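Participant: generate coordinates for the sequence data below:
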Amino acid sequence: MRIGAWDADSEPPAPPGELASLADAEEERGLALVRACADLWGRQPLSRNGSRGKYVWCDLVVA
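Facilitator: Residues are numbered from 1 along each chain as shown. Now for the predicted structure:
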């Protein structure tokens, strides 16, 4: 199963940190969670409705 989200910010996402080190963090936990749970994830630049941005996605194996 592929899950994805479009973001109007064209800057690449910050590299995901280790989930354990982000346990008390209030920001930037999203990609760490994706990295911990997903089988594969990535991003690609994308234009949508005249706006530049990015598409971030992850693949999960359905058991």
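Participant: isn't residue 57 right next to residue 1, touching?
Facilitator: No - when contacts are counted by C-beta atoms under 8 Å, residue 57 is not listed as touching residue 1 (10.7 Å). C-beta: built from backbone N, CA, C; applies to glycine.
Participant: quick one: which of the two has more around it?
Facilitator: A direct count of neighbours by other C-beta atoms under 10 Å for residue 57 and residue 1 places residue 57 higher, at 16 against 8.
Participant: where in the protein is the helix or strand with the lowest mean pLDDT?
Facilitator: Counting by mean pLDDT, DSSP states H and E, the chain has its least confident helix or strand at helix 30-37, which shows a mean of 77.
Participant: how about it: buried residues?
Facilitator: The neighbour-count check on helix 30-37 (16 or more other C-beta atoms under 10 Å) flags 31-32, 34 as buried.
Participant: so can I have JSON lines of the residues you listed showing distance to residue 42?
Facilitator: Output for the buried residues of helix 30-37, formatted as JSON lines (distance: C-beta to C-beta, whole Å):
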{"residue": "31", "distance to residue 42": "11"}
{"residue": "32", "distance to residue 42": "15"}
{"residue": "34", "distance to residue 42": "10"}
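Participant: between these, which sits nearest residue 45?
Facilitator: Distance to residue 45, by C-beta to C-beta, is smallest for residue 31 among these, at 16.9 Å.
Participant: for residue 51, see how far away that closest one is.
Facilitator: For residue 31, the distance to residue 51 (C-beta to C-beta, to the nearest Å) stands at 22 Å.
Participant: where does this protein have low pLDDT?
Facilitator: When residues are selected by pLDDT under 70, those of the chain lie in 15-28.
Participant: so who does residue 10 touch?
Facilitator: Listed by C-beta atoms under 8 Å, 6 or more residues apart in numbering, the contact set of residue 10 reads 45, 52-54.
Participant: would you format the residues you listed as TSV with secondary structure, neighbour count and distance to residue 5 included?
Facilitator: Below are the contacts of residue 10 laid out as TSV (DSSP: H, G, I helix; E, B strand; the rest coil; neighbours: other C-beta atoms under 10 Å; distance: C-beta to C-beta, whole Å):
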residue	secondary structure	neighbour count	distance to residue 5
45	strand	10	14
52	strand	11	16
53	strand	16	10
54	strand	18	9
